[in-house]
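> Next comes the sequence, and after it the predicted model I'd like to discuss.
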Amino acid sequence: MTQAPAKPHRVVIVGAGFGGLEAAFGLAGAPVEITLIDRRNHHLFQPLLYQVATASLATSEIAWPIRYLLRDRPDVTTLFANVCGVDAAAKHVQLDDGGSIPYDTLVLATGARHAYFGHDEWEPFAPGLKTLEDATTLRRRILVAFERAERETDPDKRAALLTFVIIGAGPTGVEMAGTIADLAKDTLPQDFRHIDTRKARVVLIEAGSRVLAGFPDDLSAYAQASLEKLGVEVMLGEPVTECSADGVVFGGKRLEARTIVWAAGVRASRAAEWLNAPADRAHRLRVEPDLTVPGHPDVFAVGDTVTIKDPDGNPVPGIAPAAKQEGRYVAALIKARLDGKTLPPFRYKHAGSLAQIGKKKAVIDFGWLKLRGSLAWWIWGLAHIYFLIGVRHRIAVAMNWLWIHTRDQRAARLITQGSSKVAQ
C-alpha cells in the first residue's frame, strides 16, 4: 500500500508589511505552504508616506500590489482579508467574515496605528500617517486649506487656514513640518493671486525637550535650527491638551489652526489580545529572544507588533530595517526547525538613523559616523531609492526628487476624494 505524501508545513503570515513580506521572501525554497493575509492589497513603503501627504510623490510610487510581488511564488497564496483573532488551541487564524485559516506556524506582522494617549476623540481633527488613505486625506486637507484661504476675506479665518500644526517631533513630525514649509514657501507662491503662501505658519509641537529625541544631541540641535531657518515654529516641552476643528491647546495657549497632523505616538495591533499574551503600554507583544510569543512556540511576531531589546539592552526601534531583519530571522528559524536544527537568539544590528529636514537637508547617525546638511540629504535619498522595489519606481522617485530639488515643483498636488472642505 502506497503511503500518501506528507503534507507541506503550513505557514500563515498575517500582514504584508516589511516584516511579513521579508519572512515570505526568506521562506523561498523551503518545504512549506504559505498563506499571506492582509486587509489591503498592497505593500507600502512607509518611510516615504509623508511625501505622498505633502504632494511630493504619487501613491503608486511607494506601493506595490502584493500579488504582483509574489507572482513567481507558487508556494504562496495571498488572501485579501481581515484577521480578527487567533484560536491558538485549534491553530486557526480567524477572519472577520466568519472564515478561518489553519496553520502549523503563524507569523504575526500586523503593524501599528497612531495612538492618542486616551484621547481617541482627537483623531477626526488630527489624523495620523500610517496608510495610503491617511496620506491622501492629509494631502487633501493641506491643499484644500490653501484653496479655502485664497477665497477667504476674513483675516483671522484666513490666518487659521494658513496655520499647519504637527504634533510630535520624531522623524515623521520633523519630515512633515519641513516639507510643508517647503511647499508653502517654494512651490506654491506663484500659483495663488490673493494670498502669499510664504506667510503660512508651520508649528511643530513636542512634549519632550528636543526634536528627534532618538538622535544624538548635536544632530537634534542641528535639525531644530534647520527647521527654524525654514520658518517652522518649534514648540518644546509643551504637551497638547486639546484638539478640535478650531485648533489646538498646548501649554495653556490656544492656537487657531484648520490643519493638524498627529505624529506623536503609535499603538500596536490587537495581536496581544488575540493570544492573551504580555504586552507593553503601546500594546506591543513582549516576545521571547527567538521572536516567539510566550507560551506559543509555534507563533512568531515581528515589526511594530512587538517589543524586544537589542544586544545593548535598548529597545529595538520600530523602523523598516528592524522589521526586515526580524522577518529574515523568523524565516531562517522556521527552515532550521524543519531540518531539526535551531538558531541563536535574534540579534538586531542597527544600520543607522536617518531623517530629512526639508528638501535639501537631512541628518544621519551611523553610530560611528554622523552626517548633516546637503551631503546627508543625498545619502538619505540614495538609501531610500535603493530600498524601493523595481527599477521603474526608483527612476520615477529619483526624477521627482530631482525636479523638486531644482525647480521647486511638486507634480502630485492633486485634491482627491472630491471635497472642498478642510476637515472630515
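That came in fine, so what should we check first?
> Give me the helices and strands touching the helix or strand encompassing residue 378, please.
Assigned by DSSP states H and E, residue 378 belongs to helix 374-387. Packing contacts for helix 374-387, counted by 3 or more CB pairs under 8 Å, 6 or more residues apart in numbering; DSSP states H and E, involve strand 353-357, strand 361-365, helix 391-407. The way it works is simple: take the backbone N, C-alpha and C, and place the C-beta from them, glycine included.
> average model confidence for that helix?
When the per-residue pLDDT values of helix 374-387 are averaged, the result is 93.
> How far off centre is it?
Average the C-alpha atoms of helix 374-387, do the same for its chain, and the two points are 18 Å apart (CA atoms, centre = their mean, to the nearest Å).
> what's in contact with it?
Defining contact as CB atoms under 8 Å, 6 or more residues apart in numbering, one finds that helix 374-387 is touched by 45, 47-48, 320, 354-356, 359-364, 371, 394, 397-398, 401.
> got it, and stretch 114-130?
Here stretch 114-130 makes contact (CB under 8 Å, 6+ apart) with 46, 49-50, 53, 111-113, 134-135, 137-138, 141, 165, 167, 172, 176, 243-245, 248, 260-267, 282, 423-424.
> Now the buried members of those.
46, 49-50, 53, 111-113, 134-135, 137-138, 141, 165, 167, 172, 176, 243, 248, 260-267, 423 (16 or more other CB atoms under 10 Å).
> Keep only those of these that are in strands.
Filtering those for membership in strands, criterion DSSP state E, returns 112-113, 165, 167, 243, 248, 260-262, 266-267.
> host element of residue 11?
Residue 11 belongs to strand 9-14 when assigned by DSSP H and E.
> swap in residue 204?
The secondary structure element spanning residue 204 is strand 201-206 (assigned by DSSP H and E).
> ditto for residue 124
Secondary structure from DSSP H and E places residue 124 outside every helix and strand.
> distance of the residue lying closest to residue 101 once chain neighbours are set aside from residue 274?
Excluding the flanking residues, the one nearest residue 101 by CB to CB, 6 or more residues apart in numbering is residue 93, at 4.6 Å. Here the criterion is CB to CB, to the nearest Å. By it, residue 93 lies 9 Å from residue 274.
> list the residues that contact both of these two?
85-86.
> Who has more neighbours out of those two?
Neighbour totals were compared for residue 93 and residue 274, and residue 93 leads with 25 against 22 (other CB atoms under 10 Å).
> Where do the domain boundaries of this structure fall?
The chain breaks down into these domains under the TED database: 9-114+266-339, 120-264.
> now do the same end-to-end measure for the last one.
Start-to-end span of domain 120-264 (CA to CA, to the nearest Å) is 13 Å.
> and what of stretch 68-76?
When the termini of stretch 68-76 are compared using CA to CA, they are 12 Å apart.
> pLDDT (mean, whole number) over it?
Regarding stretch 68-76, the rounded mean pLDDT is 97.
> ok, residue 186 touching residue 410?
No - if you go by CB atoms under 8 Å, residue 186 and residue 410 don't touch, sitting 9.4 Å apart.
> Can you tell me how far residue 152 is from residue 191?
Here the distance between residue 152 and residue 191 works out to 16 Å (CB to CB).
> When the two are compared, which one has more neighbours?
With other CB under 10 Å as the criterion, residue 152 and residue 191 differ in neighbour count, and residue 152 comes out ahead with 17 against 12.
> Kindly provide the distance from that one to residue 90.
From residue 152 across to residue 90, the span is 59 Å (CB to CB).
> returning to what we had before: secondary structure element for the residue nearest to residue 101?
Assigned by DSSP H and E, residue 93 falls within strand 92-95.
> Quick check: closest non-adjacent residue to the spatially most central residue of the chain.
Centre of the chain computed as the mean C-alpha position; nearest residue by CA atoms, centre = their mean is residue 46, 4.1 Å away. Excluding its sequence neighbours, the residue lying closest to residue 46 (CB to CB, 6+ apart) is residue 320, at 6.7 Å.
> returning to what we had before: and the ones in strands among the buried ones among the contacts of stretch 114-130, which two are the farthest apart?
The most widely separated members of those are 112 and 248, with 23.3 Å between them, by CB to CB.
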